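Student: I need the structure of the sequence given here:
(chains A and B)
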Amino acid sequence: MSDLKQHKDAAKSHEEHLREKHLMLDPLPRGKMNEMVMEAMMAPPTWKWWLVFTLLAGFVVWGLFYKWGVLITKGQGEAGVMRPDYWGIFLVNTVFWIGISHAGTFISAILRVFRSEFRRPFTRAAELMTTFGLVQAGFSIFMHMGRVWLAYWLMPYPNQRMLWPNLHSPLTWDLLAITTYVLGSTMYLFLPLIPDMAMARDRSTGWRKTFYKILALGFRGTEGEWTHLRNAMNIFAFAIIPVMFSVHTIVSWDFAAATRPGWNSTIFGPYFVIGALHSGMGAAIAVLAVIRGTMKNMKYFIRPEHFDAVGKLMLIISMGWTYFFFNDYMVQWYGGDKWTRQLLHFHEAGPLGWLWFVMLISNIAIPWAILWNQKWRSTPWLVATVGIIINVGMWIERYVIIPISVTINRMPFTWRMYTPGIEIPMGLGTVALFILLYMIASKLIPLIPVWEVQEGQMAHAFKKFGRETVVTVSELE
Amino acid sequence: MTDTKIDTKIVDVLAVFPDLEPAANAIEQLRTLGVHDDCMNVISGIPVTEAMLGRPHQWTNVPRIAMGGAILGFLGAVFLAYIAPFLYPYPIQVSTQSFIPGPPTAVVLFELTMLGMLLSTFLGVFLDSLFPNYRPMKYVPEISDGKIAILVECPHADEKKIMDALMKTGAESVRPAEAQHL
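Tutor: Numbers count the residues shown, from 1 in each chain, chains lettered A, B, ... in the order given. Predicted coordinates:
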């Protein structure tokens, strides 16, 4: 009898442990969750918030807009780009930001398709990353245009001289792919936001009420509205995945389609995609840690289990990146082409060889050393630090691929080390703008999709198999 | 002499339930009272499937609109990839490269087809849900707090009977529905 009691007590404490650990097993009334999210969003900013906001805003104005004005007024000579490095940091940043944007789609589309339940509380934070990342990518492309006011020449329209953009060029594919991705991911961000905007509308007054009312579009939650929304979200979840793959593949073709040593590789497409996911997941986990650490009530929604789950994905993606990196390296090295060998030697032992090693340490050694351990993986600040280090590594990877790789080519008389100039503050300005946009969003948009969390909590239950209590998930759709 | 005038006025009743179970029971009860499914609408703060409440299948045009958009996007891509090159004052032939090459054309076809599909899916939600709609509507804010509401359209003569039935099945509140600005 006492054995049975002991077993029951153990089962009860096991259930309690599971509840504490998993958000999906620890439901609160919906009204309470709404209140928590609204409180987090509407809490008046502290002086620290304003300080960071002012510094970032100042940096955006100076680094991004003022310097850009200087670049436009004085010309591209202000930047360090010159033969053979025509693209420099501008394109490094473009590729970097497009990579960052991939995590949003990965988390909210691929994990949605595979019904990964842990995704629920942070899909919106990740989707925002896609949109905000693509804004920075767009800025980085436009910065690089000498005459940015003529950007519309890329658009296919019947013009006076009957000239059409060359749709057989990878740069025009970029335009099509990035436009599709920006529009697609923004719409995909907005659709699941509508019910949360309606929730915020029902709980706010003044200008906020008007703001949420406009964005809620009159949503009430009727059967029809949910059906249309659910269908659209399913279509988006499936359709945006190939678009996501295509975007970074096409970005990789900007390089791979050229017969340059180091670039002309058939695996550049998947190598770029996995690299994008690598940096994107790293950035996503850092954003999650900041949201959890700085916003009220977020510790309920974002728990160590989420860091553990994303940490596992980061580890797997890091292994994938290593595989593609080595595959690309191995085949080029084995090929024995004179220029390629010279380039590979330049990567490792040239004046910037140390960057190549920092890249490998940041993208492989550090993630592998830390993320294998569940306890470390579940420690928010530690995983977030790994995420930031991965991003440093991935930025360097793009630096190695773009300015460093074009230094060595088949025309030695053009060899020249690239020294960035005005593009450094401009690039840092995009980082400042990215963080600034998140700060503004955290005060205007419910960062937690409450209805998705509640839906997930409804689907989870405990079930007894003999004397063992296990967690089950029902398919509600 | 009895009054034979029939009350034909139609009214709306809004009942709010704390959970799915009583709401599902209420729907069954309404059916037994002769209320047709078309005269009921469930409003909820999370997507409740038709099967959970025993409701008929909800029709949506979103997939069809998405398909239409994909076709339009594809046709736009066909124009850009196959027709636009001939619209130059003179064709631009680059060395021995084919004038309309296959693989690059596939990229254009794919991207614009997907763009057409995504844009039209988004538009489909707006068209099917009649968004944006800022007119007064029958709604209570408790719905976004997780309550399930049933909006019933019935003849004025049956209003009392229906309100009683809804109350008996576990509604937290039952009231005549009034349109209000959200």
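
Student: who's in contact with A:Asn409?
Tutor: The contact partners of A:Asn409, by C-beta atoms under 8 Å, 6 or more residues apart in numbering or on different chains, come to A:Pro84, A:Arg260, A:Pro261, A:Trp339, A:Trp415. Every C-beta, even on glycine, is put in place using the N, C-alpha and C of the backbone.

Student: sorry, that was for B:Phe74
Tutor: B:Leu109, B:Leu112, B:Thr113, B:Gly116.

Student: and the closest residue to the first one other than its chain neighbours, what helix or strand is that in?
Tutor: Pointing back at B:Leu109 there. Ranked by C-beta to C-beta, 6 or more residues apart in numbering or on different chains and with sequence neighbours excluded, the top spatial neighbour of B:Leu109 is B:Ala77, at 4.5 Å. Here B:Ala77 is covered by helix B:62-78, with elements defined by DSSP states H and E.

Student: could you verify my assumption that A:Val290 touches A:Trp381?
Tutor: No. Using C-beta atoms under 8 Å, A:Val290 makes no contact with A:Trp381, being 10.2 Å away.

Student: so those two - more neighbours on which side?
Tutor: A:Val290 (18 against 12; other C-beta atoms under 10 Å in any protein chain shown).

Student: quick one: what helix or strand has the more buried one in it?
Tutor: Per DSSP H and E: helix A:268-294 holds A:Val290.

Student: how far off centre is that helix?
Tutor: 5 Å (C-alpha atoms, centre = their mean, to the nearest Å).

Student: can you map out the helices along chain B?
Tutor: All helices of chain B, identified by DSSP state H, fall at B:20-32, B:50-53, B:62-78, B:102-129, B:159-168.

Student: tell me what the second one is packed against?
Tutor: This points to helix B:50-53. Here helix B:50-53 touches helix B:20-32, going by 3 or more C-beta pairs under 8 Å, 6 or more residues apart in numbering or on different chains; DSSP states H and E.

Student: what lies in contact with the helix it packs on?
Tutor: Against helix B:20-32 from outside (C-beta under 8 Å, 6+ apart): B:15, B:17, B:37, B:40, B:42, B:48, B:52-55, B:148, B:150, B:152, B:162, B:165-166, B:168-171.

Student: next, the angle from it to helix B:159-168.
Tutor: 150 degrees (axes from the mean of the first three to the mean of the last three C-alpha atoms, to 10 degrees).

Student: OK, now which residue of chain B is nearest to chain A?
Tutor: Nearest to chain A, among the residues of chain B, is B:Gly146, at 2.8 Å (C-beta to the nearest C-beta).

Student: that residue - nearest residue in space that isn't next to it in sequence?
Tutor: Nearest one to B:Gly146, counting by C-beta to C-beta, 6+ apart, is A:Arg30 at 2.8 Å.

Student: and what of A:Ile396?
Tutor: Nearest to A:Ile396 is A:Met359, by C-beta to C-beta, 6+ apart, at 4.4 Å.

Student: just the element for the one you found, please.
Tutor: For A:Met359, the enclosing helix or strand under DSSP H and E is helix A:353-360.

Student: near chain B, which residues of the stretch 1-150 of chain A?
Tutor: By C-beta under 8 Å from any C-beta of the partner chain, the part of the stretch 1-150 of chain A that sits against chain B consists of A:Pro29, A:Arg30, A:Gly31, A:Asn34.

Student: which of those residues are buried, as a ChimeraX select command?
Tutor: To isolate the buried ones among these in ChimeraX, judged by 16 or more other C-beta atoms under 10 Å in any protein chain shown, type:
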select /A:30,34
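
Student: quick check: mean pLDDT across the strand or helix carrying A:Thr172?
Tutor: Element membership of A:Thr172 [criterion: DSSP H and E] is helix A:170-190. Averaged across helix A:170-190, pLDDT comes to 91.

Student: need the pLDDT of A:Ile404.
Tutor: A:Ile404 is assigned 94 on the pLDDT scale.

Student: from A:Leu23, how far off is it?
Tutor: 44 Å (C-beta to C-beta, to the nearest Å).

Student: which of these two has more residues huddled nearby?
Tutor: A:Ile404 (25 against 22).

Student: so who does that one touch?
Tutor: Listed by C-beta under 8 Å, 6+ apart, the contact set of A:Ile404 reads A:Phe346, A:His347, A:Gly350, A:Leu352, A:Leu355, A:Tyr418.

Student: residues in contact with stretch A:165-183?
Tutor: With C-beta under 8 Å, 6+ apart as the test, stretch A:165-183 has contacts from A:98, A:101, A:131, A:134, A:137-138, A:141, A:153-156, A:243-244, A:246-247, A:250-251, A:253-254, A:257, B:80-81, B:84-85, B:92, B:97, B:101, B:104-105, B:107-108, B:111-112, B:114-115, B:118-119.

Student: ignore what I typed, I meant stretch A:56-63.
Tutor: A:Pro425, A:Met426, A:Leu428, A:Gly429, A:Ala432, A:Leu433, A:Ile435, A:Leu436, A:Met439.

Student: quick check: end-to-end length of it?
Tutor: Stretch A:56-63 has an end-to-end distance of 10 Å (criterion: C-alpha to C-alpha, to the nearest Å).

Student: low pLDDT regions in the chain?
Tutor: I'll assume chain A. Within chain A, the segments meeting pLDDT under 70 span A:1-2, A:4, A:161-162, A:477.

Student: actually it's chain B I care about, not the one you picked
Tutor: Applying pLDDT under 70 to chain B flags residues B:1-7.

Student: picking up where we left off before, what about the residue nearest to A:Ile396, neighbour count?
Tutor: 21.

Student: ok, B:Pro89 to A:Gln160 distance?
Tutor: In terms of C-beta to C-beta, B:Pro89 sits 11 Å off from A:Gln160.

Student: the two: which is more packed in?
Tutor: Neighbours per residue, other C-beta under 10 Å: of B:Pro89 and A:Gln160, the larger number sits with B:Pro89, 8 against 5.

Student: got the phi and psi for the residue lying farthest from the centre of chain B?
Tutor: Distance from the C-alpha centroid of chain B, by C-alpha atoms, centre = their mean, peaks at B:Ser95 (54.0 Å). With angles defined as degrees, to the nearest 10, B:Ser95 sits at phi 50, psi -130.

Student: ok so, going back, quick one: buried ones out of the contacts of B:Phe74?
Tutor: B:Leu109, B:Leu112, B:Thr113, B:Gly116.

Student: greatest separation within those: which pair is it?
Tutor: Taking C-beta to C-beta, the two most distant members of the buried ones among the contacts of B:Phe74 are B:Leu109 and B:Gly116; they sit 10.8 Å apart.

Student: for A:Ala461, give me phi and psi.
Tutor: phi -160, psi 160.

Student: number of residues surrounding it?
Tutor: Neighbours of A:Ala461 under the rule other C-beta under 10 Å: 13.

Student: which phi and psi values does the spatially closest residue to A:Gly88 that is not a sequence neighbour adopt?
Tutor: Excluding the flanking residues, the one nearest A:Gly88 by C-beta to C-beta, 6+ apart is A:Val81, at 4.3 Å. Reported as degrees, to the nearest 10, the phi and psi values for A:Val81 are phi -70, psi 130.

Student: now do A:Val81 against B:Phe122, distance only.
Tutor: 38 Å.

Student: ok, now A:Leu476?
Tutor: A:Leu476 is 24 Å from B:Phe122, by C-beta to C-beta.
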